[in-house]
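# Using only what follows, build the 3D model:
(one chain, ligands or ions: 2)
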Amino acid sequence: MRTEAFPPTEDRPRSVTILGVTGSIGASTVDLVLQAPACYRVEAVTAQSRVDALAEAALALRARLAVIGESGRLPDLRERLAGSGIEAAGGADALVEAAARPVDWTMAAIVGAAGLAPTMAAIGNGRMVALANKECLVCAGPLLMRAVEASGTALLPVDSEHNAIFQCLAAARLDEVDRLILTASGGPFRAATLDAMRQATPAEAVRHPNWRMGAKISVDSATLMNKGLELIEAHHLFAMPEPLIEVLVHPQSVVHSLVAFKDGSLLAQLGPSDMRVPIAHALGWPGRLRTDHPKLDLAAIARLDFAPPDTGRFPALALARAALRQGGAAPTMLNAANEVAVDAFLAGEIGFLDIAAVVGRVLDGEPPCRIDTLDAVLEVDARARAAARRHLDHRPLVGTQR
Ligand code: NDP
Ligand code: MG
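Ligands and ions are numbered 1, 2, ... in the order given. Just a heads-up that it's a prediction; the model follows:
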């Protein structure tokens with residue numbers, strides 16, 4: 001049964017945990033909490049390796065617990081928190097234990113499938129989970145949504161497109177919906193030639209025209225794999241069949257997504273390209289927070305453009321659609337192979353176009369199978385990572401190595 005939720009106020013402060021507090025989403029969440037600190041009580045904050053940033057966030061938020069994923073860095077964390085009264089812990093199990101501590105609201109903002117176990121632990125609480133970590137839903141969608149259902153958790157989408165759809169659906173019934181329309185900025189290579197994309201460097205790929213984000217999602221935005229992951233995310237969050245989820249390129253990133261209704265009406269959510277807007281929506285839910293970040297000036301923007309995506313230059317989108325249609329282990333494999341390929345690209349080991357090529361090869365090489373348990377997800381994830389690494393070793397792929 002779902003517990004009644006109240007917006008955070010000074011009279012009724014909301015207890016919160018921030019998983020991935022040192023990242024881009026984590027920092028925006030910290031900013032919002034510090035805009036009204038009396039409305040929150042911070043239980044736990046976590047990071048993987050950046051002890052300085054973790055300690056700084058824990059101290060600023062007066063958290064009760066700070067957890068570092070790499071246990072070797074725990075002594076360093078303890079030293080930085082000495083005398084503060086903040087508890088310190090380290091290691092993968094400690095991340096899950098921190099996520100399982102009962103709180104009203106958890107921000108799930110770890111990057112990649114590494115966030116799955118902590119996010120599942122937070123869902124086990126049965127309160128509110130703000131989900132930024134889309135890879136969780138991609139690699140274990142049915143499992144995660146069953147856990148959400150069973151625990152009565154309010155799963156609040158933070159990804160800007162899904163948060164937009166969530167807002168547009170607030171007063172609607174799913175059977176009134178004709179289709180969902182996810183907008184995509186098109187990324188830094190929206191108008192680039194295939195040759196320029198083949199030669200693209202990591203620095204060029206992470207230079208997103210509209211958003212400042214972590215390195216992994218920035219590369220995903222450049223390949224359009226991000227939109228592919230979001231297609232799978234939307235399918236699970238809104239129980240929408242794959243053919244009824246459209247993608248539309250919208251370079252200004254002002255319309256964050258739309259819902260088309262059966263009567264021909266389109267509802268959209270608009271806002272600045274600032275993740276604090278969807279995070280604030282999730283943080284204030286079921287109410288709305290008054291925030292102090294800059295608001296949208298439509299007159300200054302003046303025009304909004306829309307175009308269909310170019311699936312020729314961006315094969316990742318078609319790969320994600322195919323994986324979603326295939327179901328079973330395919331989305332898990334797609335996600336795992338993509339994580340390995342993006343890491344390899346960022347490390348300068350493969351070219352930009354090789355990312356989708358590696359993912360395609362991993363998907364081609366595996367027979368379809370069902371995955372019903374967390375262990376099965378983790379096993380498929382590990383197998384797909386190993387397969388992707390083998391493909392990295394068998395170059396050339398399609399791109400040009402630098
Ligand atoms: P960042 O890379 O900026 O931050 C990632 C966070 O996760 C950091 O706190 C990092 O710790 C932690 N982390 C990294 N690896 C691990 C691990 N193996 N185990 C536990 N923690 C880990 O990512 P973003 O904030 O950009 O993205 C976070 C998630 O939100 C992603 O899933 C992304 O797709 C999604 N998202 C992000 C958006 C954005 O605008 N940034 C928009 C929409 C969705 P450390 O700093 O110590 O490495
Ligand atoms: Mg998004």
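
# In three-state terms, label Asp305 for me.
Here Asp305 is coil, with the state taken from DSSP: H, G, I helix; E, B strand; the rest coil.

# oh sorry, the question was meant for Leu182
strand.

# ok, now which ones touch it?
161, 165, 227, 230-231, 234, 245-248, 257 (Cβ atoms under 8 Å, 6 or more residues apart in numbering). Just so you know, the C-beta spots here come from the backbone N, C-alpha and C atoms, and that holds for glycine as well.

# Who is Ala307 paired with across the strands?
Val249 (DSSP bridges).

# what stretches of the chain score poorly on pLDDT?
1-3, 395-402 (pLDDT under 70).

# Near ligand 1, which residues of it are found?
In this structure, the chain approaches ligand 1 at residues 20-26, 47-50, 69, 95, 109-111, 114, 132-135, 159, 211, 213-214, 216-217, 275, judged by Cβ under 6 Å from any ligand atom.

# just the buried members of those residues?
When the residues of the chain next to ligand 1 are checked for burial by 16 or more other Cβ atoms under 10 Å, the buried set is 20-26, 47-48, 50, 69, 95, 109-111, 114, 132-135, 159, 211, 213-214, 216-217, 275.

# Find the helix or strand that Gly186 is a member of.
Following DSSP states H and E, one finds Gly186 outside all helices and strands.

# Excluding sequence neighbours, find me the nearest residue to it.
Nearest residue to Gly186, sequence neighbours excluded (Cβ to Cβ, 6 or more residues apart in numbering): Val249, at 4.6 Å.

# burial of the one you found, as a residue count?
When neighbours are counted by other Cβ atoms under 10 Å, Val249 registers 19.

# For Ala340, give me its contacts.
To be clear, residue 340 is Val; Ala isn't right here. For Val340, counting by Cβ under 8 Å, 6+ apart, the contacting residues are 358, 385, 388-389, 392.

# now Arg288
Contacts of Arg288 by Cβ under 8 Å, 6+ apart are 7, 280-281.

# How about Gly271?
Residues in contact with Gly271 (Cβ under 8 Å, 6+ apart) are 160, 254, 256, 277-278, 296.

# before we move on, what about Gly365?
Contacts for Gly365 (Cβ under 8 Å, 6+ apart) come out as Ala387.

# If we use 10 Å, what do you get?
Residues in contact with Gly365 (Cβ atoms under 10 Å, 6 or more residues apart in numbering) are 333, 337, 384, 387-388, 390-391.

# would you turn those into TSV with neighbour count and secondary structure?
Shown next, in TSV, are the contacts of Gly365 (neighbours: other Cβ atoms under 10 Å; DSSP: H, G, I helix; E, B strand; the rest coil):
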residue	neighbour count	secondary structure
Met333	28	helix
Ala337	29	helix
Ala384	28	helix
Ala387	20	helix
Ala388	23	helix
Arg390	13	helix
His391	22	helix
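
# For ligand 2, state which of these is nearest.
Nearest to ligand 2, judged by Cβ to the ion, of the contacts of Gly365 is Ala337 at 20.2 Å.

# Not counting residues beside it along the chain, what's closest to the closest residue to ligand 1 within the stretch 201-350 of the chain?
Evaluated by Cβ to the nearest ligand atom, the stretch 201-350 of the chain has Gly214 as its residue closest to ligand 1, separated by 2.6 Å. Closest residue to Gly214 apart from its sequence neighbours, by Cβ to Cβ, 6+ apart: Ser24 at 4.8 Å.

# which residues of the chain fall in strands?
With DSSP state E, the ranges of strands along the chain come out as 14-19, 40-47, 65-68, 87-90, 105-108, 128-131, 154-157, 177-184, 245-249, 255-261, 266-270.

# residues making contact with the fourth one?
Around strand 87-90, the neighbours that count as contacts under Cβ under 10 Å, 6+ apart are 44, 46, 51, 54-55, 58, 63-82, 94-95, 97-98.

# let's go with 7 Å and repeat that
Outside of strand 87-90, the residues within contact range by Cβ atoms under 7 Å, 6 or more residues apart in numbering are 64-68, 71, 73-74, 77-78, 81, 98.

# Most neighbours among the residues you listed, which one?
Result: Val67 is most packed of the contacts of strand 87-90 (other Cβ under 10 Å), 32 neighbours.

# OK, contacts around that residue?
44, 46, 89-90, 94-95, 98.

# For those, give me CSV that also has distance to Ala316.
CSV is the format used below for these (distance: Cβ to Cβ, whole Å):
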residue, distance to Ala316
Ala44, 34
Thr46, 29
Ala89, 37
Gly90, 35
Ala94, 34
Leu95, 29
Ala98, 33
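
# Give me the buried subset of those.
Among the contacts of Val67, those classed as buried by 16+ other Cβ under 10 Å are 44, 46, 89-90, 94-95, 98.

# Among those residues, which pair sits farthest apart?
Ala44 and Gly90 (12.9 Å; Cβ to Cβ).

# ok and the residue in the stretch 151-300 of the chain nearest ligand 2?
With Cβ to the ion as the measure, Asp159 is the residue of the stretch 151-300 of the chain nearest to ligand 2, at 4.2 Å.

# ok, and for stretch 270-288, which residues are buried?
271-285.
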